[in-house]
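What shape does this take:
(one chain, ligands or ions: 1)
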Amino acid sequence: MSQRILVIDDDVSFCMMLKTFLTKKGFEVSSAFTFKEAEQLILNQSFDLVLTDVRLPDDDGVSVLKFIRDTNKTTQVILMTGYTDIKTAVSVMKLGAFDYVSKPINSEEILLTIHQALKKKANYSIVESDNGDGEKSRKKSGDEDNNYHLSVIKGKSEKSLELHNFIDVVAPTNISVLIIGDSGTGKENVAYSIHEQSKRSDKPYIAVDCGAIPKDLAASEFFGHIKGSFTGATTDKTGHFEAANGGTIFLDEVGNLSYEVQVQLLRALQERKVKPVGSSKEIDVDIRVIAATNEDLQKAVREGNFREDLYHRLNEFSIKTPRLSERGDDILLFADFFLKQSNTDLEKQILDFSEEVKEIFLRYDWPGNLREMRNIIKRAVLLTQTDIIQKNVLPCEVIEHENYSSDEIIHKRDEDDLKLFSSKNEENTIRVALEKAKYNKTKAAQILGIDRKTLYNKIKLYEIEL
Ligand SMILES: Nc1ncnc2c1ncn2[C@@H]1O[C@H](COP(=O)(O)OP(=O)(O)OP(=O)(O)O)[C@@H](O)[C@H]1O
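Sure thing, here's the model as predicted:
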């Protein structure tokens with residue numbers, strides 16, 4: 001059976017274009033132009049994946065994600081953003097979206113991201129609440145990000161050395177570790193490194209995305225259940241705690257747990273015993289706990305949203321993951337790593353970045369940290385037809401502080417980009433670029449990464465007055 005995708009975007013022509021494109025690629029595609037329409041569709045059928053614009057006429061991508069999380073926990077969500085929305089997209093990532101792609105959407109890039117998201121979905125062996133199949137705990141293996149555990153960059157900057165020093169010190173112990181850091185700074189990687197360097201490395205490592213667990217199913221997810229304990233529980237299920245027995249449990253986005261679940265979790269951590277839902281037998285568990293958050297948990301404690309006793313239990317030792325912009329020249333090491341990774345993923349052989357691009361990377365503030373860099377480089381690799389990545393394939397937000405000289409060579413960008421270009425955002429993006437370039441069309445075309453002729457046509461199409 002083909003996989004089901006829901007596309008949500010209020011730009012009707014863009015939405016239809018994407019629908020046609022994905023249908024041709026063998027997916028079963030539905031579309032909605034508003035949050036309200038999407039809500040109805042999501043209630044009536046289950047989707048494997050939802051592709052949603054960050055801004056919708058009656059709501060936004062955050063609400064879509066929250067709604068999906070409340071109804072169907074394994075649906076993957078990919079956000080589509082205009083370049084001015086990157087910061088919003090980064091914050092939505094914290095709520096458990098799979099990834100975001102920037103507009104203009106490139107067809108090859110979106111297909112790749114869709115396949116990775118669906119692969120991740122398939123790897124979650126948690127069964128959806130409505131079909132009640134036998135459930136198993138999940139290990140985040142096979143997850144796109146997980147492949148990168150195989151080779152990670154440590155870095156040489158002061159911040160990186162400090163981070164790895166902390167990891168080395170705490171890993172061999174049984175101490176609970178709380179990893180604090182902005183989205184995309186590599187918290188999950190740190191958790192896995194701690195497990196790998198611990199005495200438990202040959203035992204299970206179970207990563208649980210706490211933001212993705214609906215409140216009603218949390219107890220069963222963590223502690224398991226026995227057949228018949230509630231509607232849909234048609235077989236016994238092993239909970240994450242039991243599955244992690246002897247090894248490590250990683251509680252990602254721990255700040256998202258409801259108060260009720262926090263109480264249950266605390267009890268399990270204090271007593272090192274769990275009781276599956278519907279069972280009267282307690283099971284002893286020996287686990288090391290690592291948790292991560294990108295929220296200010298201390299503030300959540302002060303405001304009464306996170307239990308203080310649980311906070312202290314999780315935070316026997318804390319590690320802060322540095323922002324990418326704080327990692328000095330390591331930025332180029334990471335860039336090189338993502339270049340190699342993208343070459344492998346996309347079967348390309350790009351050799352390097354131009355000196356100018358390296359300088360831009362070193363100056364940029366990387367609000368989405370490593371994840372943003374990975375995405376930007378993947379896209380640049382996709383669009384580059386020569387050996388070296390040049391500035392013109394970088395998104396506007398990365399180069400917007402730079403000066404543009406009109407005698408720079410204009411590289412022709414893959415026309416494919418413009419085919420799936422949202423007209424609403426396109427017009428906006430062109431206006432912003434023109435303004436930035438002080439209405440110099442050559443510079444504006446450069447900012448946009450398109451050739452001058454295309455820009456002229458677009459100016460005519462949208463009747464932009466110069
Ligand atoms: N040391 C590293 N070397 C190479 N790649 C890394 C490293 N750390 C993280 N990455 C990559 O950066 C991306 C983001 O990392 P990760 O998912 O661990 O971040 P995070 O802080 O857990 O994000 P979030 O808070 O959004 O869950 C992933 O693609 C990951 O593989």
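
Can you name the residue of this protein nearest to the ligand?
Of all residues in the chain, residue 186 sits closest to the ligand, at 2.9 Å by C-beta to the nearest ligand atom. Every residue, glycine included, has its C-beta placed from N, CA and C.

Quick one: residues contacting that residue.
Under the criterion of C-beta atoms under 8 Å, 6 or more residues apart in numbering, the contact partners of residue 186 comprise 152, 321, 369-370.

Among the residues you listed, name the least confidently predicted one.
Per-residue confidence across those is lowest for residue 152, with 81 (pLDDT).

Name the nearest residue to that residue, sequence neighbours excluded.
With C-beta to C-beta, 6 or more residues apart in numbering as the measure, residue 189 is the residue that lies nearest to residue 152, at 5.6 Å, once sequence neighbours are left out.

what's across from the residue nearest the centre of the chain in the sheet?
When C-alpha atoms, centre = their mean is applied to the chain, the residue found nearest the centroid is residue 99 (3.7 Å). In this structure, residue 99 bridges to residue 78 when assessed by DSSP bridges.

my guess is residue 289 is in a strand, correct?
Yes: counting by DSSP: H, G, I helix; E, B strand; the rest coil, residue 289 falls inside a strand.

Roughly how far does the closest residue to it other than its chain neighbours sit from residue 194?
What sits nearest to residue 289 in space, not counting adjacent residues and going by C-beta to C-beta, 6+ apart, is residue 176, at 4.6 Å. Between residue 176 and residue 194 the distance, using C-beta to C-beta, to the nearest Å, works out to 11 Å.

Common neighbours of those two, please.
With C-beta under 8 Å, 6+ apart applied, the overlap between the contact sets of residue 176 and residue 194 consists of residue 290.

Can you pick out the residue with more neighbours from those two?
Under the neighbour definition other C-beta atoms under 10 Å, residue 176 and residue 194 were set side by side, and residue 194 has more, 28 against 20.

Skip the chain neighbours and tell me the closest residue to that one.
Counting by C-beta to C-beta, 6+ apart, residue 194 lies nearest to residue 171, which is 4.7 Å off, once chain neighbours are set aside.

Look at the one you found and say how many residues are nearby.
Here the number of neighbours of residue 171 (other C-beta under 10 Å) works out to 19.

how far away is it from residue 294?
Relative to residue 294, residue 171 is positioned 22 Å away (criterion: C-beta to C-beta).

Quick one: name the residues of the stretch 151-300 of the chain near the ligand.
Selection of the stretch 151-300 of the chain residues close to the ligand by C-beta under 6 Å from any ligand atom yields 152-153, 181, 183-189, 252, 294.

okay, those residues in JSON lines with distance to residue 389 and secondary structure next?
What follows is those, written out as JSON lines (distance: C-beta to C-beta, whole Å; DSSP: H, G, I helix; E, B strand; the rest coil):
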{"residue": "152", "distance to residue 389": "22", "secondary structure": "coil"}
{"residue": "153", "distance to residue 389": "18", "secondary structure": "coil"}
{"residue": "181", "distance to residue 389": "27", "secondary structure": "coil"}
{"residue": "183", "distance to residue 389": "25", "secondary structure": "coil"}
{"residue": "184", "distance to residue 389": "21", "secondary structure": "coil"}
{"residue": "185", "distance to residue 389": "23", "secondary structure": "coil"}
{"residue": "186", "distance to residue 389": "23", "secondary structure": "coil"}
{"residue": "187", "distance to residue 389": "28", "secondary structure": "helix"}
{"residue": "188", "distance to residue 389": "27", "secondary structure": "helix"}
{"residue": "189", "distance to residue 389": "24", "secondary structure": "helix"}
{"residue": "252", "distance to residue 389": "32", "secondary structure": "strand"}
{"residue": "294", "distance to residue 389": "29", "secondary structure": "coil"}
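
are any of these buried, and which?
Buried positions within these, assessed by neighbour count (16 or more other C-beta atoms under 10 Å), are 153, 181, 183-189, 252, 294.

can you give me the helices in the stretch 1-150 of the chain?
Shown for the stretch 1-150 of the chain, the helices assigned by DSSP state H, counting those that start in this stretch span residues 12-24, 35-44, 61-71, 86-93, 107-123, 144-147.

Over to the stretch 201-350 of the chain?
Counting by DSSP H, counting those that start in this stretch, the helices of the stretch 201-350 of the chain are 218-223, 240-243, 259-271, 297-302, 308-314, 330-346.

Now flag whichever of the buried ones among the residues of the stretch 151-300 of the chain next to the ligand is closest to residue 4.
The shortest distance between residue 4 and any of those, using C-beta to C-beta, involves residue 252 and amounts to 26.2 Å.

Quick one: neighbours of the residue nearest to residue 380 when sequence neighbours are not counted, just the number.
Closest residue to residue 380 apart from its sequence neighbours, by C-beta to C-beta, 6+ apart: residue 393 at 4.4 Å. Each residue near residue 393 was counted by other C-beta under 10 Å, and the total is 20.

Residue 227 now?
If you count neighbours by other C-beta under 10 Å, residue 227 ends up with 12.

just residue 278 next, same as before
When neighbours are counted by other C-beta under 10 Å, residue 278 comes out with 15.

how does this protein divide up, domain by domain?
The chain is divided into the following domains under automatic domain parsing: 4-123, 144-320, 328-461.

from the chain's centre, how far out does the first one sit?
Distance, stretch centre to chain centre, for domain 4-123: 13 Å (C-alpha atoms, centre = their mean, to the nearest Å).

Is there any residue in it that contacts the ligand?
Yes: for a cut-off given as C-beta under 6 Å from any ligand atom, domain 4-123 has contacts with the ligand, namely 93-94.

Next: stretch 351-371.
Yes: legend: contact between stretch 351-371 and the ligand by C-beta under 6 Å from any ligand atom is shown at 370-371.

just to revisit the earlier point, my guess is the residue nearest to the centre of the chain meets residue 113, correct?
Yes: with contacts counted by C-beta atoms under 8 Å, residue 99 reaches residue 113, the gap being 5.5 Å.

Many thanks, have a good one.
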